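Chemist: kindly generate the corresponding structure for this input.
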Amino acid sequence: MNTSIELGLKENWKQFTLLVIVNAFVGGMIGLERTIIPQIAEVDFGMAAKTAILSFIVVFGITKAITNYYTGILANRYGRKNLLIIGWLFALPVPILLIYAPNWNWIIAANILLGISQGLTWSSTVVMKIDLVGEKNRGFAMGLNEFAGYVALAFIAFLTGWIANNYGLRPYPFYIGIAMAIIGLLMSWLFIKDTIKHVQLEATSSNIPKLKNLFWEITWHHKNLGSITQAGLVNNLNDGMVWGLFPLLLISKGFDLHETGIIVATYPAVWGLGQLYTGKLADRYCKKTLLFIGMLIQGMALLGMVNTNSFSWFIILSSLLGIGTAIVYPTFLATISDYTHPDQRPKSIGIFRLWRDLGYAIGAILTGLIADRFGLVAPILTIGVLTVASSLIVKFRMSCAKKQTTIPEFKFQLTH
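Modeler: Residues are numbered from 1 along each chain as shown. Have a look, this model is predicted:
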């Protein structure tokens with residue numbers, strides 16, 4: 001074993017920082033679509049059915065979910081860095097397809113490529129950061145990772161909304177995507193180093209038993225891991241609804257693209273910034289409690305949007321939705337890593353992210369069907385109720401690890 005290899009955030013801060021920057025570009029690629037693709041569907045292609053409009057999220061979610069799974073399987077075999085570079089190669093054509101798309105099928109094709117790219121790049125950066133830091137700062141590492149990705153997503157969502165409002169839906173907003181894809185590829189190729197030796201070092205001292213039937217344990221059978229997986233799926237189910245229908249809902253309430261961009265960007269901005277703090281909470285406090293609280297806040301925020309019409313209230317509720325998501329997102333990945341052996345970590349994260357990102361597809365299909373039949377408010381009510389139900393599954397099925405500290409003030413409030 002190479003004795004120069006060390007685990008820890010301080011010991012690997014240079015590579016860790018580079019991976020944070022790379023992941024900002026990864027998140028920015030999703031931000032390209034966050035505000036304006038639903039508008040392109042209606043304005044450029046005359047699409048009215050919400051199910052059809054949300055088809056781009058369906059194919060994105062399915063493609064990303066499947067790619068997540070195979071990234072987990074292939075990470076140890078082919079190396080994290082190689083998969084990261086391949087992911088950026090898939091991203092290069094995406095903004096070009098979005099600029100020149102003559103019909104909706106081109107948008108679908110772009111989102112297939114984007115889903116593959118996101119599955120490879122985001123999964124690789126997640127696993128590499130966990131490899132570098134070891135067990136001590138895992139939650140904080142995930143907080144930084146998701147912070148970079150989602151703050152960049154929010155910034156690009158706002159920026160593209162502003163550009164579209166002033167200069168048109170196409171092509172100018174997507175020029176940013178061309179630059180991000182090129183820079184992300186060059187950084188990954190020239191500066192990122194693989195982390196396989198770090199995980200080999202951690203594996204020599206790990207006391208975590210290997211799981212025999214990894215897929216089913218992660219999916220549902222293991223009480224803690226299964227609870228995390230269902231919460232991850234529901235989290236992205238509501239995110240898929242917000243992504244696809246939220247801009248249309250806001251436009252229908254009389255907000256222009258600039259105002260819509262601000263509201264849409266608020267949610268991932270709070271989500272991203274909040275993870276600088278919530279990631280550290282996951283290293284210290286009971287992860288079950290954090291997941292329960294985070295999912296409950298999300299559900300209540302969504303339910304609060306049902307009768308909201310003012311710009312200020314949408315900002316407040318979007319912020320609450322972001323806070324809830326910020327609490328759960330780094331905690332998901334840190335907890336999956338806590339309960340799986342280092343050798344099984346990439347595949348475990350891949351299985352979790354398979355189900356989590358299928359939530360995009362399930363959310364888009366479900367909310368599209370409901371919206372077409374009952375209007376734009378009904379899906380928000382439905383997904384809000386499902387998110388609250390998910391929080392209750394976490395509360396009654398999960399348990400806290402012995403080494404984790406409980407949160408007395410939250411425990412008192414929630415049990416009395």
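Chemist: how about the helices of the stretch 101-250 of the chain, start to end?
Modeler: For the stretch 101-250 of the chain, helices defined by DSSP state H, counting those that start in this stretch occupy the ranges 104-133, 138-167, 172-190, 196-203, 214-216, 223-252.
Chemist: among these, which is nearest Ser348?
Modeler: Ser348 lies closest to helix 214-216 among the helices of the stretch 101-250 of the chain, at 6.4 Å (CB to CB). In short, each C-beta sits where N, CA and C put it, glycine included.
Chemist: which secondary structure elements does that closest one sit against?
Modeler: helix 345-374 (3 or more CB pairs under 8 Å, 6 or more residues apart in numbering; DSSP states H and E).
Chemist: Asp343: how many residues sit nearby?
Modeler: By other CB atoms under 10 Å, 16 other residues sit near Asp343.
Chemist: likewise for Leu113?
Modeler: Counted with other CB under 10 Å, Leu113 comes out at 18.
Chemist: cool, Asn105 as well?
Modeler: As a burial measure, Asn105 scores 9 neighbours (other CB under 10 Å).
Chemist: if we can go back for a sec, any chance of the helices of the stretch 101-250 of the chain in CSV, with distance to Arg356 and mean pLDDT too?
Modeler: Output for these, formatted as CSV (distance: least, CB to CB, whole Å; pLDDT from 0 to 100):
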stretch, distance to Arg356, mean pLDDT
helix 104-133, 11, 95
helix 138-167, 12, 90
helix 172-190, 22, 97
helix 196-203, 22, 86
helix 214-216, 14, 95
helix 223-252, 3, 92
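Chemist: any chance of the ones you listed in JSON lines, plus distance to Gly274?
Modeler: Putting the helices of the stretch 101-250 of the chain into JSON lines (distance: least, CB to CB, whole Å) gives the following:
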{"stretch": "helix 104-133", "distance to Gly274": "18"}
{"stretch": "helix 138-167", "distance to Gly274": "8"}
{"stretch": "helix 172-190", "distance to Gly274": "23"}
{"stretch": "helix 196-203", "distance to Gly274": "28"}
{"stretch": "helix 214-216", "distance to Gly274": "31"}
{"stretch": "helix 223-252", "distance to Gly274": "14"}
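Chemist: who wins for proximity to Ile351 among these?
Modeler: Of all the helices of the stretch 101-250 of the chain, helix 214-216 sits nearest to Ile351, with 5.7 Å by CB to CB.
Chemist: what residues are up against the residue nearest to Pro171 when sequence neighbours are not counted?
Modeler: Nearest residue to Pro171, sequence neighbours excluded (CB to CB, 6 or more residues apart in numbering): Ile99, at 4.2 Å. Shown in contact with Ile99 (CB atoms under 8 Å, 6 or more residues apart in numbering): Arg170, Pro171, Phe174, Tyr175.
Chemist: do Leu92 as well
Modeler: By CB under 8 Å, 6+ apart, Leu92 lies in contact with Ala181, Ile182, Leu185.
Chemist: from Leu376, how far out is Leu250?
Modeler: Per CB to CB, to the nearest Å, Leu250 is found 10 Å from Leu376.
Chemist: quick one: which of the contacts of Leu92 has the most company?
Modeler: Counting neighbours by other CB under 10 Å, Ala181 leads the contacts of Leu92 with 25 neighbours.
Chemist: check what pLDDT the nearest residue to it once chain neighbours are set aside gets.
Modeler: Distances taken as CB to CB, 6+ apart place Ala91 nearest to Ala181, at 4.4 Å, with adjacent residues excluded. pLDDT for Ala91: 98.
Chemist: do you know how far Ala91 is from Ile107?
Modeler: For Ala91, the distance to Ile107 - CB to CB - is 15 Å.
Chemist: tell me which element Val264 is part of?
Modeler: Assigned by DSSP states H and E, Val264 belongs to helix 257-284.
Chemist: what angle sits between that helix and helix 138-167?
Modeler: 180 degrees (axes from the mean of the first three to the mean of the last three CA atoms, to 10 degrees).
Chemist: list the buried residues for helix 257-284?
Modeler: 257, 259-276, 278-283 (16 or more other CB atoms under 10 Å).
Chemist: next: stretch 235-255.
Modeler: Using 16+ other CB under 10 Å as the test for burial, stretch 235-255 gives 235-251, 255.
Chemist: just the CA coordinates for that stretch, please, in PDB.
Modeler: Provided in PDB are the C-alpha atoms of stretch 235-255 (Å, rounded to 0.1, in the frame of the first residue of the first chain):
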ATOM      1  CA  ASN A 235     -37.400  14.000  -2.600                       C
ATOM      2  CA  ASN A 236     -36.600  13.900  -6.300                       C
ATOM      3  CA  LEU A 237     -40.200  13.200  -7.100                       C
ATOM      4  CA  ASN A 238     -41.100  16.600  -5.600                       C
ATOM      5  CA  ASP A 239     -38.100  18.200  -7.200                       C
ATOM      6  CA  GLY A 240     -39.200  16.800 -10.600                       C
ATOM      7  CA  MET A 241     -42.600  18.400 -10.100                       C
ATOM      8  CA  VAL A 242     -41.000  21.800  -9.100                       C
ATOM      9  CA  TRP A 243     -38.700  21.600 -12.100                       C
ATOM     10  CA  GLY A 244     -41.400  20.900 -14.700                       C
ATOM     11  CA  LEU A 245     -44.500  22.500 -13.400                       C
ATOM     12  CA  PHE A 246     -43.400  25.300 -11.100                       C
ATOM     13  CA  PRO A 247     -42.400  27.700 -14.000                       C
ATOM     14  CA  LEU A 248     -45.700  27.000 -15.700                       C
ATOM     15  CA  LEU A 249     -47.700  27.600 -12.500                       C
ATOM     16  CA  LEU A 250     -45.900  30.900 -11.900                       C
ATOM     17  CA  ILE A 251     -46.400  32.100 -15.500                       C
ATOM     18  CA  SER A 252     -50.100  31.200 -15.100                       C
ATOM     19  CA  LYS A 253     -50.300  33.400 -12.000                       C
ATOM     20  CA  GLY A 254     -49.000  36.400 -14.000                       C
ATOM     21  CA  PHE A 255     -45.300  36.400 -13.100                       C
END
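Chemist: which neighbours do Leu250 and Leu376 have in common?
Modeler: Counting by CB under 8 Å, 6+ apart, no residue touches both Leu250 and Leu376.
Chemist: for the strand or helix carrying Ser337, the distance to its chain's centre please.
Modeler: Following DSSP H and E, one finds Ser337 within helix 311-338. Mean C-alpha position of helix 311-338 versus that of the full chain (CA atoms, centre = their mean, to the nearest Å) differs by 10 Å.
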